[in-house]
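Q: when you get a sec, could you give me coordinates for this:
(one chain, ligands or ions: 3)
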Amino acid sequence: MEEMFAKPEIRKPENIVYKKTGLMVDRPLSYCPGCGHGTVHRMLMEVIEEMDIQGNTIGVSPVGCSVLAYDFLDIDMLGAAHGRAPALATAIKRLWPGRFVFTYQGDGDLAAIGTAETIHACNRGENITIIFINNGIYGMTGGQMAPTTLEGMRTATSPYGRDIATMGYPLKITELIAHLPGVNYVTRQSVHTPVNARRTKKAIRKAFEIQKEKKGVGFIEVVSNCNSGWKMTPVQANKWMEENMFPFYPLGDIKVDGKLVDPKVVAEKE
Ligand SMILES: Cc1ncc(C[n+]2csc(CCOP(=O)(O)OP(=O)(O)O)c2C)c(N)n1
Ligand code: SF4
Ligand SMILES: [Mg+2]
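A: Numbers count the residues shown, from 1 in each chain. Ligands and ions are numbered 1, 2, ... in the order given. So this is what the prediction gives:
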C-alpha cells in the first residue's frame, strides 16, 4: 500500500481529488483523536474558502474544547466569555453589517451558561450563523453533565446515570429555538461519516447564504462525540452516538425558509 502511494504518478497534481483547505492553519489540532470538532472546523473553512469570504468573515470562539478555534482557523476571530458568543456576535454584526459573522459553541456554552444569550439573539433575529456542537457533555472540564446529557447517561457528575427526577430532562434547545420567529433556518447534522460531513458542509453554506440575504438566524446543530468524556474509543463513541444520541436528537432539517419543516414531526421530536 505504502509503495503504491509512493509512486510519483499518483502524486501528480491532476490526480489530487481532495486536499486540505489552506484556511486551516498548518498546526496540530488540540482535539482528542476521533473528536468531531476538527471535522466541523474543516467543513466550515471549506465553505468560507468556496464562497471566497475569508477576508470578510468574523468568527466567535467559545469557552470549551474549541476555545482555541482561533488558533486553527485562518480568519478573523474573537473569543467570547463562556456562553456570551451570540451577544458578542450581535455587536460585531451590528458594527460591521457587511461581514459574515458566526459563533462556534459547545452544548455547555450554548445551552447551559449561555442559554439567555442564545435565546435572545435568536429571538431578536440577528443576522448571524450559529454552529452548535452537541456532544452531550462538558468535554473540556472533564466530562460533567450538561443540559443535553441523555437520560441514564453516566458522566463525572452523574456517575449512576442522569436521573430525570433529580436532574431534569435533557434539553432540546434546537427545537426550542426553531419556534422563534427571528430564526430562518434550523438543522441538525453530524460529521461521523463522509456523507454526513458533506451534509453538514451544505448546511453551513445554506446558513451563510441566509446571512447574506439578511433573513435572520441560521442555526446548525452538529451532534458529535466526546470519546474522552464518554470514556470510549473513537469507534465505540461513534457507534454509541448512532444508537443513543440520534434517536433523541434526530438528524435533519427542522426549519427551512422560516417555516417548521413539519410542525407535527417537530412536536413529536420534542
Ligand atoms: C464562567 C465560567 N464558568 C465555568 C467555566 C468552566 N468551563 C469551561 S469549559 C466548560 C464546559 C464546556 O463544555 P461545552 O460547551 O459542552 O464544550 P465541549 O468542551 O464539550 O466542546 C466549563 C463549565 C468557565 N471557564 N467559565
Ligand atoms: S474532550 Fe471530548 S470534546 Fe474535547 S477534544 Fe476530547 S473528545 Fe473532543
Ligand atoms: Mg460539550
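Q: Gly55 and Val256, how far apart?
A: Using C-beta to C-beta, to the nearest Å, Gly55 is found at 29 Å from Val256. (Glycine included, C-beta is placed from N, CA and C.)
Q: same question, Asp163
A: From Asp163 across to Val256, the span is 36 Å (C-beta to C-beta).
Q: what about the two, which has more around it?
A: Ranked by neighbour count (other C-beta atoms under 10 Å), Asp163 and Val256 place Val256 first, with 14 against 11.
Q: so what's the more buried one closest to, chain neighbours aside?
A: Sequence neighbours aside, Tyr185 is the residue nearest to Val256 in space, at 6.1 Å (criterion: C-beta to C-beta, 6 or more residues apart in numbering).
Q: likewise for Ile58?
A: Ile58 sits nearest to Asp76 (C-beta to C-beta, 6+ apart), 4.7 Å away.
Q: so what does that neighbour have for phi and psi?
A: Dihedral pair for Asp76: phi -70, psi 130, per degrees, to the nearest 10.
Q: show me what Met24 is bridged to.
A: Met24 has these beta-bridge partners by DSSP bridges: Leu73.
Q: close enough to count as contact, it and Asp74?
A: Yes - Met24 is within contact range of Asp74, at 7.0 Å (criterion: C-beta atoms under 8 Å).
Q: what's the overlap in contacts for these two?
A: Met45 (C-beta atoms under 8 Å, 6 or more residues apart in numbering).
Q: next up, the contacts around the nearest residue to Lys231 once chain neighbours are set aside.
A: Distances taken as C-beta to C-beta, 6+ apart place Gly143 nearest to Lys231, at 7.7 Å, with adjacent residues excluded. Neighbour list for Gly143: Ile137, Thr155, Ala156, Cys226, Ser228, Gly229, Trp230, Lys231 [criterion: C-beta under 8 Å, 6+ apart].
Q: got a list of contacts for whatever helix or strand Arg205 lives in?
A: Per DSSP states H and E: Arg205 is located in helix 194-212. Residues outside helix 194-212 that contact it (C-beta under 8 Å, 6+ apart): 39-40, 43-44, 46-48, 50-51, 53, 100-102, 127-129, 131, 184-185, 187, 189-191, 216, 218-220, 222, 251.
Q: PyMOL command for the buried members of those?
A: Buried residues within the contacts of helix 194-212, by 16 or more other C-beta atoms under 10 Å, are selected in PyMOL with:
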select buried, resi 39+40+43+44+46+47+48+51+100+101+102+127+128+129+131+184+185+187+189+190+191+216+218+219+220+222+251
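Q: next step: the contacts of helix 194-212 restricted to helices.
A: Thr39, Val40, Met43, Leu44, Glu46, Val47, Ile48, Glu50, Met51 (DSSP state H).
Q: doesn't Val191 make contact with the second one?
A: Yes - shown here, Val40 and Val191 form a contact pair, counting by C-beta under 8 Å, at 5.7 Å.
Q: please enumerate the shared neighbours of the two.
A: Residues touching both Val40 and Val191 (C-beta under 8 Å, 6+ apart) are Thr200, Val222, Ser224.
Q: anything in stretch 191-211 near ligand 2?
A: No - using C-beta under 6 Å from any ligand atom, stretch 191-211 never reaches ligand 2; the gap is at least 12.0 Å.
Q: just the shared contacts of Val40 and Val191 now: which is nearest Lys20?
A: Checking the shared contacts of Val40 and Val191 against Lys20 by C-beta to C-beta gives Thr200 as the nearest, at 16.8 Å.
Q: good, we can wrap up now.
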